[in-house]
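Colleague: need the 3D shape of this:
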Amino acid sequence: MDLNDDIELSDEEEEITADTVLKTLQSAWQNERLAPEILPHRNDMVECMLGQIQHMERNINKLPKTDLRASIHKMELSRIKFIICNYLRTRISKIEKYCIPILNEEKQRIESGTNYLTPSEFNYAQEYLLNMENHLKTVILDKVPNNMQSFEMNKMAVHPNLQTHVFLRANESVAGVVLEDIFGDQDEEIDLEAGSQHILQYKPISDLVKNGKVQLI
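Modeller: Residues are numbered from 1 along each chain as shown. Next comes the predicted model:
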């Protein structure tokens, strides 16, 4: 019933513990909440954890209602479900807020096989954009003269602010991180030591977040 059970990941053909899956998912959730842009999805970890939840719920139902272990495991399940729900909700919120640039970038990623969205997220983004276009047409464009009814959705795009500053912890040593000078004078290059914490602009370290070399905190 605990999180030390092995989970088989068919795509990678290996077994990892549910505790490892949960820690990976927690890291992805924390990064997603703190990063200004949408990050590559970790649906593999979500699916694994959902399977583990079902397994734990079946085992909990076998315990007597007065067994203290049942209450403890139920609290742990509630915590895991909150992480999963908040992770998915955060991604949906970003899709709705930055729908146009996310879709434009994702269409390019699909060609290179580096998708950030799950198929269901991609479909949701397309439907959301279509509904937004139809809403604008019905509410505004149909009520103005014909010569004013054309518009370009891309001009309405809201982009995430990649220049925002974030707190981070280096999971491993990284040399030669180039920090852009916002005043355009001279870029700065720094080294990150494993375990060190920093406040930096997000854009220079975005790839480090995605490949797990740094963790947003």
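
Colleague: right, and the helix or strand after the biggest helix by length in the chain?
Modeller: Ranked by residue count and defined by DSSP state H, the top helix of the chain is helix 68-97. Next along the chain after helix 68-97, taking DSSP states H and E as the criterion, comes helix 99-112.

Colleague: just want the angle from the helix or strand following that next one to helix 68-97.
Modeller: Heading C-terminal from helix 99-112, the first helix or strand you meet, by DSSP H and E, is helix 119-139. Angle between the axes of helix 119-139 and helix 68-97 is 50 degrees (criterion: axes from the mean of the first three to the mean of the last three Cα atoms, to 10 degrees).

Colleague: tell me what helix 119-139 is packed against?
Modeller: helix 68-97, helix 99-112 (3 or more Cβ pairs under 8 Å, 6 or more residues apart in numbering; DSSP states H and E). Quick note: C-beta positions are derived from backbone N, CA and C, even for glycine.

Colleague: need the contact partners of stretch 81-98.
Modeller: Under the criterion Cβ atoms under 8 Å, 6 or more residues apart in numbering, residues 22, 25-26, 28-29, 32-33, 37-38, 41, 46, 49-50, 53, 102, 117, 121, 124-125, 128, 157-160 lie in contact with stretch 81-98.

Colleague: only the buried members of those residues: can you turn that into a ChimeraX selection?
Modeller: Selection of buried members from these for ChimeraX, criterion 16 or more other Cβ atoms under 10 Å:
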select :22,25,28,29,32,37,38,41,46,49,53,102,117,121,124,125,160
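
Colleague: so which of the contacts of stretch 81-98 are in helices?
Modeller: Those of the contacts of stretch 81-98 lying in helices (DSSP H): 22, 25-26, 28-29, 32-33, 46, 49-50, 53, 102, 121, 124-125, 128.

Colleague: right, I'll leave it there.
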